[in-house]
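K.L.:
Fold the following for me, if possible:
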Amino acid sequence: MFRVVIVEDEYIVRFGIRSMIEWDKLGLTVSGEAANGQEALALIRENPPDILITDIKMPVMDGITLITEVRKSYPHMKIVILSNLEDFQYAKEAIRNGVSEYMIKSDMMPRDLEETLLRVRDSIVAASPASEQTHSVSEVEPLVKEKRMLELLEEMNPVRTRQIVESLRLSDDKLPLYVLHLVKNEWSQSVEEGQALIRKAFAEVTTTAWAAAYEAFPDRQGEMNILLFAVKMTAMGLAELKTGVQSVLLYLNEHCDMSCTVGVSMSTSNWSGLHQAYEQAKAAAKYKMFIGSERAILYGIDYVPLQNQMADNIKVSTTHIHAMVYAFQTKELQAYLEDIFEQLTARKDYDLVEIISLELLILLTTLWSEVASDQQSILQLKKQYYEQLSKLETIQMSKAWFLQAFEELVRHMIGVYHSDRNGIIKAAQYIGQYYQQEISLQSISSLVHLSKNYFANLFKKEMGESFLEYLTRIRIEKAMTLLTSELKTADIGHLVGIPDPKYFSKVFKKITGQSPSEYRVRAKEDKSS
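P.N.:
Below is the predicted model of the structure:
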């Protein structure tokens, strides 16, 4: 395992980095984390990592200073910079100090960070030929073979594919073949132990049943892949193939307490078709989201990609959900969420489900932040939500989870609503007394100790109009009274808290339908009559 240290002043960002990657699958482990360069430097000197992931702008000691100090003692340490787009000038300086990778936080997705870490890890391995020499030949050869097998799956150039096939001494009589991609559902073993047990399961089951020739090896994410050759498969139908793979899964479950799903590609009759078969197997394995896990899923049979994807994107209306939550419309909200998940189920697009789920999760945690006074408990809730959601295997489980989570949120908001109504009454009284002063949404919500967004929604629900509408109406009503006096219109605007004469006239006419001067004339006429 290669050691990684994460340096970032924002805890939630550090937590996100830790959570978005399955480190052990990449052959990595997070050995420490720090909130600034000074803390990081102490960590590094105590236990130097192989890879340093650091932000640029941090308190106490920034990332540039940290990198400079690290380079003095650890010139070969791999460094990955995570920062904002506007900090790119700083990044140039960091790159001169030998930074391996630079990533923009706002653009970074889990897959991007994973690929970056894989490149860095592979560069460490490539730069350490001496370490391989310490192993015996019997230890090194399987590692080299597995690396080339994986390269065979990833390679799209036919010429290079043929070179790899020849180096592995694979003959064409092994064709046709299938690619199997195993993904973890649940197990307690480490990645290495899990891989060993999967190899054992295939050795136990295939030699006595449906396939005598295969190669098993992990990919860059630690998931196991199987090349299933044609020695015993020439006369075997897809039903027998599926039954055979299912028997491996049953063995893993009963003898190893491991739950897996297997994606099975269509057969390929040429080596250059392996990359496509690998993509098919991965896509089939992801389809467990729609039909369930712990099974063999055959590409082209169980999973048939939709030929004509729907043109319209599935969109989550944050405004609509926001309004329904604050209106306590539980049934309407549930119907809206169920409709979203029905569309996702019909689309059968794994990546789209992940994107929509992330959008809903962000919205859910944002709404909780608006109504909660204890932000530490909200941080714990976010961690809990992320962990729970990561364990959901099917789209039906995700739908049920979101329905329950939003229902709990609305139930909580109903509970706090009654206790916070007094705050709205207090705010309205304050506006009625100090309308002539500058009053912002931020200042009035702070006065009653409520978050700005929560106050704005609660105020509208309680008063029937927004905070700004209410404040403006109160000011104009006061102005209407003052316009019956001899005061100048411009002075009246100042007195009610709208000092700009043009804006005062515009707002006055919008609310009353008359300009201030027209209203004054009409008021005098009414008084004289």
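
K.L.:
Mind listing what's buried along the helix or strand hosting Lys527?
P.N.:
With elements taken from DSSP states H and E, the one containing Lys527 is helix 516-528. Buried positions in helix 516-528, judged by neighbour count with 16 or more other CB atoms under 10 Å: 516, 519-520, 523. Glycine gets a C-beta too; all of them are placed from N, C-alpha and C.

K.L.:
and which of those residues is nearest Asn270?
P.N.:
Asn270 lies nearest to Pro516 out of the buried residues of helix 516-528, by CB to CB, at 84.2 Å.

K.L.:
now the protein, which segments are flagged as low pLDDT?
P.N.:
85-100, 106-107, 126-143, 207-212, 230-236, 307-312, 373, 529 (pLDDT under 70).

K.L.:
Please parse it into its domains.
P.N.:
2-127, 137-298, 307-464, 467-529 (automatic domain parsing).

K.L.:
name the element the residue nearest the centre of the chain belongs to?
P.N.:
Nearest to the geometric centre of the chain sits Leu358, at 5.3 Å (CA atoms, centre = their mean). Here Leu358, judged by DSSP H and E, is contained in helix 350-371.

K.L.:
buried sites along that helix?
P.N.:
350, 353-357, 360-361, 363-365, 367-371.

K.L.:
Let's see it as CSV, backbone CA atoms only.
P.N.:
Only the C-alpha atoms of helix 350-371 are listed here, as CSV (Å, rounded to 0.1, in the frame of the first residue of the first chain):
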residue,chain,number,x,y,z
TYR,A,350,-26.4,4.3,-14.2
ASP,A,351,-24.4,7.5,-14.5
LEU,A,352,-27.5,9.6,-14.6
VAL,A,353,-28.9,8.0,-11.5
GLU,A,354,-25.7,8.9,-9.7
ILE,A,355,-25.8,12.5,-10.9
ILE,A,356,-29.5,13.0,-9.9
SER,A,357,-28.9,11.3,-6.5
LEU,A,358,-26.0,13.7,-5.8
GLU,A,359,-28.2,16.7,-6.7
LEU,A,360,-30.9,15.5,-4.4
LEU,A,361,-28.4,14.8,-1.6
ILE,A,362,-26.9,18.3,-1.8
LEU,A,363,-30.4,19.8,-1.7
LEU,A,364,-31.4,17.7,1.2
THR,A,365,-28.3,18.6,3.3
THR,A,366,-28.6,22.3,2.3
LEU,A,367,-32.2,22.4,3.6
TRP,A,368,-31.2,20.8,6.8
SER,A,369,-28.4,23.5,7.2
GLU,A,370,-31.0,26.2,6.8
VAL,A,371,-33.2,25.0,9.7
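
K.L.:
Can you classify Ile6 as helix, strand or coil?
P.N.:
When classified by DSSP: H, G, I helix; E, B strand; the rest coil, Ile6 comes out as strand.

K.L.:
Could you do Gln376 as well?
P.N.:
helix.

K.L.:
Now do the contacts for it.
P.N.:
Neighbour list for Gln376: empty [criterion: CB atoms under 8 Å, 6 or more residues apart in numbering].

K.L.:
And the one 5 residues further on, by the same measure?
P.N.:
Leu381 makes contact with 365, 368, according to CB under 8 Å, 6+ apart.

K.L.:
Look up phi and psi at it.
P.N.:
phi -60, psi -40 (degrees, to the nearest 10).
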